[in-house]
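Undergrad: Predicted model follows, preceded by the sequence.
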Amino acid sequence: MAANAKLTCGNPTEQLGKPPEPASGELQHQTMNSEVHMTAEDFRRVALSFEGTEESSHMGVPDFRVGGHIFATLASQDLGFGNLKLTPELQQMLIAESPDVFLPIKGGWGRMGLTHIRLEKASEKQMTDALHTAWRLRVDMNEKRGSRSKKPTKRNAIRKPKQD
């Protein structure tokens, strides 16, 4: 994401592009009060809806990657969480906006922007927007990484022939 991009608290994905609309007839889990509750399967479905996303596994837990790099996991699904790889700034914006839905992962990972989303408390829109934000950040990082010029290492450096 560009350093000068300005995000508003009202819509963290505003500068990152609009996520795809859910397909009609998709499963939503509802209680008698008509509240929507997201599940790990909903998280998986939405994550896999983004272009180029693949499900893989890291240390025995499901993760979601684009360009071979993780942007979200279900490492804490047994506790009712999905996990998102965000920037610390975006994490704080989401927490300020919806503290009952978003919280930092404990410890150093959380300080780096890794964020839990409480699946049962999240609406489909909140989950879709948050996953799209994590996906978009990863795509942008992949593009920056690919555009960097690679410096030769000692192993593959072009060497001048010895002159005797």
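TA: Looks like it arrived, so ask away. Numbers count the residues shown, from 1 in each chain.
Undergrad: Name the SS class of Gly82, please.
TA: Assigned by DSSP: H, G, I helix; E, B strand; the rest coil, the conformation of Gly82 is strand.
Undergrad: so who does it touch?
TA: Taking C-beta atoms under 8 Å, 6 or more residues apart in numbering as the definition of contact, the neighbours of Gly82 are Ala40, Phe43, Ala72, Thr73, Leu74, Ser76, His116, Ile117, Leu119, Met127, Leu131. Any C-beta I mention is one placed from the backbone N, CA and C, and that applies to glycine too.
Undergrad: Which pLDDT value goes with the fifth one?
TA: Just to be clear, that refers to Leu74. Predicted confidence (pLDDT) for Leu74: 98.
Undergrad: Spatially nearest residue to it, not counting backbone neighbours?
TA: The spatial neighbour of Leu74 that comes closest, neighbours along the chain excluded (C-beta to C-beta, 6 or more residues apart in numbering), is Pro62 at 4.4 Å.
Undergrad: quick one on the thing from earlier: from the contacts of Gly82, which land in helices?
TA: For these, membership in helices holds for Ala40, Phe43, Met127, Leu131, with DSSP state H as the criterion.
Undergrad: just those now: which is nearest Leu90?
TA: Nearest to Leu90 among the ones in helices among the contacts of Gly82, counting by C-beta to C-beta, is Leu131 at 12.5 Å.
Undergrad: who touches the residue nearest to Leu74 in this structure?
TA: Arg44, Glu55, Ser56, Thr73, Leu74, Ala75, Gln77.
Undergrad: Sort out which of the residues you listed are in strands and list them.
TA: Among the contacts of Pro62, the members falling in strands (DSSP state E) are Glu55, Ser56, Thr73.
Undergrad: and the residues you listed, which are buried?
TA: Neighbour counting by 16 or more other C-beta atoms under 10 Å classes Thr73 among the ones in strands among the contacts of Pro62 as buried.
Undergrad: Mind listing what's buried along the helix or strand that contains Leu137?
TA: Under the assignment given by DSSP states H and E, the secondary-structure element containing Leu137 is helix 124-147. Under the neighbour-count criterion of 16+ other C-beta under 10 Å, helix 124-147 has 124, 126-139, 141-142 buried.
Undergrad: How about stretch 115-126?
TA: Under the neighbour-count criterion of 16+ other C-beta under 10 Å, stretch 115-126 has Thr115, His116, Ile117, Arg118, Leu119, Lys121, Ala122, Glu124, Gln126 buried.
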